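S.K.: return atomic coordinates for the entry below.
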Amino acid sequence: QVYLAESGGGLVQAGGSLRLSCTASGSIFSIDAMGWYRQAPGKQRELVARITSSGTSNYADSVKGRFTISRDNARNMVALQMDSLKPEDTAVYYCKAEDIATVIRTYPERWGQGTLVTVST
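M.R.: A predicted model of the protein is given here:
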């Protein structure tokens, strides 16, 4: 089995910063892409940022210039540095891993349980 463990959410004032981390575990050989998605109340889940194993990244327009995604392939870890946070960034943030090769099988995708980020005015 593959598990994704997220950490780093919390309450922050507008203009502040938070750093989210996500680590995948479970006899993993490789992970193709890892990313962060978010879901605000009453809205659909949306991509925030995604990074491939080679380091190619893409961001939602709403977070470009404020958020930075990074990855440690050796530790199967992805992080999201969130700066200049706005109230509209408030959401549950989910980590996702794609094409996870393990000893037993390859998983198309796995999701973390989510971590709440609340940005106050």
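
S.K.: report the contact partners of the nearest residue to T115 once chain neighbours are set aside.
M.R.: With C-beta to C-beta, 6 or more residues apart in numbering as the criterion, T115 has its nearest non-adjacent residue at 3.4 Å, and that residue is G9. All C-beta atoms are positioned from the backbone trio N, CA, C, and that covers glycine. Neighbour list for G9: L18, L20, Y93, T115, L116, V117 [criterion: C-beta atoms under 8 Å, 6 or more residues apart in numbering].

S.K.: apply 7 Å and report the result again.
M.R.: Contacts for G9 (C-beta atoms under 7 Å, 6 or more residues apart in numbering) come out as L20, Y93, T115, L116, V117.

S.K.: and the first one, that one's in a strand?
M.R.: Yes. L20: assigned to a strand according to DSSP: H, G, I helix; E, B strand; the rest coil.

S.K.: that one contacts G10, correct?
M.R.: No. L20 is beyond contact range of G10, at 9.8 Å (criterion: C-beta atoms under 7 Å).

S.K.: from R50, how far off is G26?
M.R.: Remark: distance between G26 and R50 (C-beta to C-beta, to the nearest Å) = 21 Å.

S.K.: show me which of the two is the more surrounded one.
M.R.: R50 (19 against 15; other C-beta atoms under 10 Å).

S.K.: who's in contact with the helix or strand encompassing the more buried one?
M.R.: R50 is part of strand 46-52 when elements are defined by DSSP states H and E. For strand 46-52, contacts defined as C-beta under 7 Å, 6+ apart pick out 32-38, 57-60, 63, 67, 69, 71, 78, 80.
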